Structures are given as C-alpha cells and as structure tokens.
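Asker: Okay, sequence plus prediction incoming.
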Amino acid sequence: MFRRRRPAIQVKTAEQVELMRAAGLLVGRTLELLRDAVKPGITTKDLDVIAEANIRDHGGVPSFKGYHGFPATICASVNEEIVHGIPSSGKELRDGDIISIDCGAIVEGWHGDSAITVPVGEVSAEQARLLEVTETSLWHGLAAGVAGARLTDMSHAIESYIRSQGRYGIVEGYGGHGIGTEMHMDPLIPNHGAPGHGPELEVGMCFAVEPMVNLGTKDTLELEDGWTVITTDGRHSAHFEHTFAVTPEGPRVLTALDEGREWFAKLGSSNSS
C-alpha cells in the first residue's frame, strides 16, 4: 500500500521573510490607497490603474497581470461576484455596492497577496455585517497559524467563527495557499473542515489565508470570461485575505501595515505584543 505524498511547503529564512514583508507592505499600502479611492462613480478600471501605478512606482511588479492570461493588476469583484472579477471601464460603482479588491505584488522575486471588501457609500446593515463576519473570520484563521499547529486548524477556526455568527454560505473549491517565490504554492488551505489534519506548521512557512463568505448559498458559477466567479443565487459575497509568516513568536501578518498587532490584541492572541 502506497501513502499519498504530502505537498512540499517552501520554508523561508528570516532574511527571506523580510523580503516578503517588503512585498506585503507594498500590497497593504496599495489596498489602503484603493480603499480611499472607492466611491460612487469610480470604475473598477480606474481602481486598477491606481493599483498598477502605485506598485510600479514603488519598485514592485503586479503579481496578477499576465498570470495565466489575467489582464489586470487587481481582481475587482462587485456584489454577487466572489473572486477574480476583471476590472472594466464599463463597470461603475454605485451607492450600496460592495467591492472585493484582491491585489498582489512581487518585490525582488517574493510575493505578497491580500484582499479587502469595501462598502461603496451607504450599504445595508446586512451587507456591513457580512463584511464584519468575513474579516473577523480571517483573523481567527490567522491566529491559529502557529508553529506546531496543523494546517486545518486554520480552516476550522475560520469555519467555526462564521458558523457561530449565523447562516452564511462558506465558499468551497477556492481558498488560501502557500506563497513565496510564487504566488500560488502548495498547500491549498480550505475555509472549512475539521482541525488536526494536514502538515504541521513550521517556522518560516508562509501562507495566504482568504475566506470568501456569501449571504446566501455557498454554490458558485464561473462566468464565460473564464475568470469571474459569482454566487448562483445572486446574493452578495465578501472576501478578505492576508499573507503571513509562521514565526517563533506567532503569526506575523506580512500584508498588514501593523503586522496584525491590533487585531490579535482584539482577539486576545498571545502574539499581539
């Protein structure tokens, strides 16, 4: 009987993690720039132009542009679009929309990857709550990313928090991933599942964790453009993501401007100092 071989996970040195921090900071600052730019009347193409200019002006290269043929610097997914929305000059944001912006950058050969979902103008209480639940679930997953834990401990932490908050659709088939000298590396990190499975986390491993949560069904459909993924019931979806490194002190969030200290303190995590 043959055992299934576990995927190899790239382990970084402390110096390589610092290079990933540079890429992560560029992504984090670009997303803050885009957050401030989101308003009724702006197009998703306008946001893409802002992102590409900022990344290139600061010595980076957009990770997404040209990746398997993707035509843009960001993924811009509006309302029922879950992930991989293609920016367009014909897609103008309206008051009451929500937009998920996924962004990646390469600095000196190392990748950073992060996503936020932003309200456009005034949104409903239901939409605002969806964003809050999704972002908080991300941080529960990140807090579980400690040396000695198992990979699915992060998955379980994400799912457990979402389930505790009400009836939401947790997207399956898409999830987090390893990251480093490539944007997408082994292993896949589901946003659901039992704890205690998968590889043991080691210092120097880096992952991107990214829950996607829907107001309705978990079911998805890929559009004919070959990229955009939507909810099958047309209800809205939120997506948050951060890249982090496993360190002796706990998870270090490379795409968060403060490395996650504020959120970890809020959750009572031991790595908030």
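Answerer: In hand now; what should we look at?

Asker: Where does pLDDT dip in the chain?
Answerer: Along the chain, the parts satisfying pLDDT under 70 run over 1-7, 269-273.

Asker: Geometric centre of it: which residue is closest?
Answerer: Nearest to the geometric centre of the chain sits residue 241, at 1.9 Å (Cα atoms, centre = their mean).

Asker: Look up phi and psi at it.
Answerer: Dihedral pair for residue 241: phi -150, psi 150, per degrees, to the nearest 10.

Asker: From residue 224, how far off is it?
Answerer: Noted for residue 241: a distance of 25 Å to residue 224, by Cβ to Cβ, to the nearest Å. Quick note: C-beta positions are derived from backbone N, CA and C, even for glycine.

Asker: do the same with residue 47
Answerer: Distance from residue 47 to residue 224, by Cβ to Cβ: 23 Å.

Asker: okay, those two: which has more neighbours?
Answerer: Remark: of residue 47 and residue 224, residue 47 carries more neighbours, 26 against 6, as counted by other Cβ atoms under 10 Å.

Asker: Show me the contact partners of the helix or strand containing the more buried one.
Answerer: Taking DSSP states H and E as the criterion, residue 47 maps to helix 44-57. Helix 44-57 is contacted from outside by 26, 29-30, 33-34, 37-38, 61-62, 65, 72-74, 76, 78, 85, 87-89, 91, 93, 99, 101, 103, 105, using Cβ atoms under 8 Å, 6 or more residues apart in numbering.

Asker: just checking, which of these belong to helices?
Answerer: Judged by DSSP state H, these include 26, 29-30, 33-34, 37 as members of helices.

Asker: Highest neighbour count among the residues you listed?
Answerer: Counting neighbours by other Cβ under 10 Å, the top entry in those is residue 30, with 28 neighbours.

Asker: one step back: out of the ones in helices among the contacts of helix 44-57, which is nearest to residue 143?
Answerer: Nearest to residue 143 among the ones in helices among the contacts of helix 44-57, counting by Cβ to Cβ, is residue 29 at 23.4 Å.

Asker: Isn't that closest one up against residue 114?
Answerer: No. Applying Cβ atoms under 8 Å as the test, residue 29 and residue 114 come out as separate, 10.4 Å apart.

Asker: what about the residue lying closest to residue 42 once chain neighbours are set aside, how many neighbours?
Answerer: In space, and not counting its chain neighbours, residue 42 is closest to residue 93: 5.5 Å by Cβ to Cβ, 6 or more residues apart in numbering. By the criterion of other Cβ under 10 Å, residue 93 has 23 neighbours.

Asker: Distance of residue 93 relative to residue 81?
Answerer: Remark: distance between residue 93 and residue 81 (Cβ to Cβ) = 12 Å.

Asker: Would you verify that residue 243 is located in a strand?
Answerer: Yes. Judged by DSSP: H, G, I helix; E, B strand; the rest coil, residue 243 forms part of a strand.
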